[in-house]
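Visitor: Here is a sequence together with a model predicted from it:
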Amino acid sequence: MSRELFQPSPGLAAKAHADAATYQQMYDRSVNDPEGFWGDQADRLDWIKAPTRIKNTSFAYDNVSIKWYEDGELNVSANCIDRHLETRGDQTAIIWEPDDPDAEAQHITYRDLHANVCKFANVLKEMGVGKGDRVVLYMPMIPQAAYAMLACARVGAIHSVVFAGFSADALAARIDACGAAVVVTADEAPRGGRNTPLKVNADVAFGKCKSSPKMLVVRRTGGDIPMVDGRDFWLHEMEARVADDCVPEAMNAEDPLFILYTSGSTGAPKGVVHTSGGYLVYASMTHQYVFDYHDGDIFWCTADVGWVTGHSYIVYGPLANGATTLMFEGVPTYPDAGRFWAVCAKHKVNQFYTAPTAIRALMGQGKEWVEKHDLSSLRILGTVGEPINPEAWNWYNDVVGHGRCPIVDTWWQTETGGHLLTPLPGATATKPGSATKPFFGVQPVILDAQTAEEQTETAAEGVLCLKDSWPGQMRTCWGDHDRFVQAYFTDYKGYYFSGDGCRRDADGYYWITGRVDDVINVSGHRMGTAEVESALVAHPKVSESAVVGYPHPVKGQGIYAYVTLMAGEDPTDELRKELEVWVRKEIGPIAKPDLIQWAPGLPKTRSGKIMRRILRKIAENDFDSLGDTSTLAEPAVVDDLVENRMKE
Ligand code: WT7
């Protein structure tokens, strides 16, 4: 891993919300006096009834209970909209950039947002939705997705966004799991020049559901779709009948705001439950500090609202802060590999937040695509989702940021609601590939995976756990608190277990080594698959790679590397040798891949996460239990990999 240190520029630090000294002083208070610290932070919200009980949390195995601001009352949508109207009613709240670059972008002011959300809320009420009811959203990346989320919050309903890339089966399972009263969808979702038939998918899902919800349909493309009388309703028709004002419901701080289903290592997806007060305080504070957001900045998070990143950093965090947030309907490579940078230039984006997989993909297309566009508005670059290999970090830093934009590598999870480990742009010197230091109130600990002992030396390696709660933490699994306790508080009692492996270096910097189930053990040496991948990707001919373990008669586990080459490179045996030598040189002989398979593509979820489960099965020659591959971005990739599995 890289030892380079990138200091925040003094100019940026001087204007930032926190410089190094401020960070340290605030951090110390946040862990020594959490009640005082988070009590003060409650003031970033407007409360209907201000909380007096700040923190009431227990990680004890037999009594896992997490409550923040428990006697407070607020409405999340009023905090994201109404309270800004007086001072910034005419300011753009949401910039919407459509899939088609020639179609017109929309600038939605806070006043427009208020009217749209109120109308949407009144429509939900007309459909019988009230406090505590569940509403599933299966939506394209259009402003109505944000309206729907905020409208649910306004009437006290709990939304559960299902990523529009999920299949009808997955949608049906989630509708049933939370007992949705209404499903909101759109006729079609344009992405990369192609339309996904969302309404038709939803119809199929409804056919498989045990429950019988109603459907609210947004007209996006105007495509011809069937409507079921008495079950399906057009949003625009319903909206014509309702008022554009709606009094926000008073909610308890611990009332659920949303459920988000996320995959665990076993069983059906878990319904991660986030509540209202603590979540919004945390999303708002992290958005402000981590991206050093200042009034007037244009913030762009490229995630989909189907993921927690979209919840916290497209909708809730930015809007709570009165920010201008950009919502992009399309994909990074349509109409060409310069789209991200074209959008940054067009809307003068100041903070840009994306995933390593996107960075690597664009890196593979060459820097000409970046250099075509004026990126001088960019001030902060962010990354999230997986460890970023130093090669991609440096490319992001040099080619996109021209060496003048701090990179915030933010480690967090659906479960954590917001960033836990991350640099602050004006405060933290960065190291390529490290998520650096804890955010305020976050107490990371590294435990020995076997003995569960806390590693007290600064330099340490083990599993990453959290010692105490933070306001954005998930509260339970929907309808299954035991599962919550089982998944996160059982293996390492008294701690929240993240599921990630982690190394802390001598400077106290945290380096995520990947999910613990991705850690492989070769001849008794523990190795992060991310480390090997990073080495491979550092080779100029390699665009992407995924490394998994496979059973090896001598070493316990061998290293199996899937490698995608840069466009135009030939997959020869010479190159294979070259890569083996390269990895030996980069990390050491123990990291040399035993088998390298050329992979024209890697199996990824539609959110871009590599499906290691499938790669492990292929590497294990276990082709019969590949599981459901239908939710992959490109299911055909798997057939190619199976066909060309390397022989020992
Ligand atoms: C897992 C959580 C949180 C939004 C996106 C993913 C990995 C996430 C980083 C990072 C290294 C990271 C971890 C984590 N991860 N961010 N900056 N560096 N690893 O949310 O789907 O809940 O996945 O993503 O393994 O546990 P998620």
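Guide: On my side now, so go ahead.

Visitor: Restricting to C-alpha, output the strand or helix carrying Arg111 in CSV.
Guide: According to DSSP states H and E, Arg111 maps onto helix 110-126. As requested, the backbone C-alpha atoms of helix 110-126 are provided in CSV (Å, rounded to 0.1, in the frame of the first residue of the first chain):
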residue,chain,number,x,y,z
TYR,A,110,-37.0,24.8,-2.8
ARG,A,111,-40.3,26.5,-3.4
ASP,A,112,-41.1,24.1,-6.4
LEU,A,113,-39.9,21.2,-4.2
HIS,A,114,-42.3,22.2,-1.5
ALA,A,115,-45.3,22.3,-3.8
ASN,A,116,-44.3,19.0,-5.5
VAL,A,117,-43.8,17.2,-2.3
CYS,A,118,-47.0,18.5,-0.8
LYS,A,119,-49.0,17.4,-3.8
PHE,A,120,-47.3,14.0,-3.7
ALA,A,121,-48.1,13.7,0.0
ASN,A,122,-51.7,14.6,-0.6
VAL,A,123,-52.0,12.0,-3.3
LEU,A,124,-50.5,9.4,-0.9
LYS,A,125,-53.1,10.4,1.7
GLU,A,126,-55.9,10.1,-0.9
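
Visitor: counting contacts, what elements does it pack onto?
Guide: Secondary-structure packing of helix 110-126 (3 or more Cβ pairs under 8 Å, 6 or more residues apart in numbering; DSSP states H and E): helix 85-88, strand 92-97, helix 143-155, helix 235-239. All C-beta spots, glycine's among them, are computed from the backbone N, C-alpha and C.

Visitor: again, 10 Å this time
Guide: Helices and strands touching helix 110-126, as assessed by 3 or more Cβ pairs under 10 Å, 6 or more residues apart in numbering; DSSP states H and E, comprise helix 76-80, helix 85-88, strand 92-97, strand 106-109, helix 143-155, strand 182-186, strand 214-218, helix 235-239.

Visitor: what would those look like in a markdown table with distance to Trp38?
Guide: Formatted as a markdown table, the helices and strands packed on helix 110-126 follow (distance: least, Cβ to Cβ, whole Å):
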| stretch | distance to Trp38 |
| --- | --- |
| helix 76-80 | 16 |
| helix 85-88 | 25 |
| strand 92-97 | 27 |
| strand 106-109 | 32 |
| helix 143-155 | 21 |
| strand 182-186 | 33 |
| strand 214-218 | 37 |
| helix 235-239 | 38 |
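
Visitor: Out of these, flag the one nearest Gln25.
Guide: Ranking those by proximity to Gln25 (Cβ to Cβ) places helix 76-80 first, at 27.2 Å.

Visitor: Where does the stretch 101-250 of the chain get nearest to the ligand, which residue?
Guide: Phe163 (10.8 Å; Cβ to the nearest ligand atom).

Visitor: Give me the spatial nearest neighbour of that residue, chain neighbours excluded.
Guide: Spatial nearest neighbour of Phe163, excluding adjacent residues (Cβ to Cβ, 6 or more residues apart in numbering): Gly306 at 2.8 Å.

Visitor: Surely that neighbour is in contact with Leu137?
Guide: Yes. Gly306 lies in contact with Leu137 (Cβ atoms under 10 Å); the separation is 8.5 Å.

Visitor: okay, and the common contacts of those two?
Guide: The contact sets of Gly306 and Leu137 overlap at 145, 161-164 (Cβ atoms under 10 Å, 6 or more residues apart in numbering).

Visitor: how about stretch 184-194 as CSV, C-alpha atoms only?
Guide: This file holds the C-alpha atoms of stretch 184-194, laid out as CSV (Å, rounded to 0.1, in the frame of the first residue of the first chain):
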residue,chain,number,x,y,z
VAL,A,184,-44.7,4.0,-6.6
THR,A,185,-43.2,3.4,-10.0
ALA,A,186,-42.9,5.0,-13.5
ASP,A,187,-43.9,3.9,-16.9
GLU,A,188,-40.3,3.4,-18.1
ALA,A,189,-36.8,4.2,-16.9
PRO,A,190,-34.4,5.6,-19.6
ARG,A,191,-30.8,4.7,-18.9
GLY,A,192,-27.9,4.8,-21.4
GLY,A,193,-30.3,5.3,-24.2
ARG,A,194,-32.5,2.3,-23.4
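
Visitor: Low-confidence ranges, the stretch 401-550 of the chain, go.
Guide: Within the stretch 401-550 of the chain, the set of residues satisfying pLDDT under 70 comprises 517-519, 521, 523-528.
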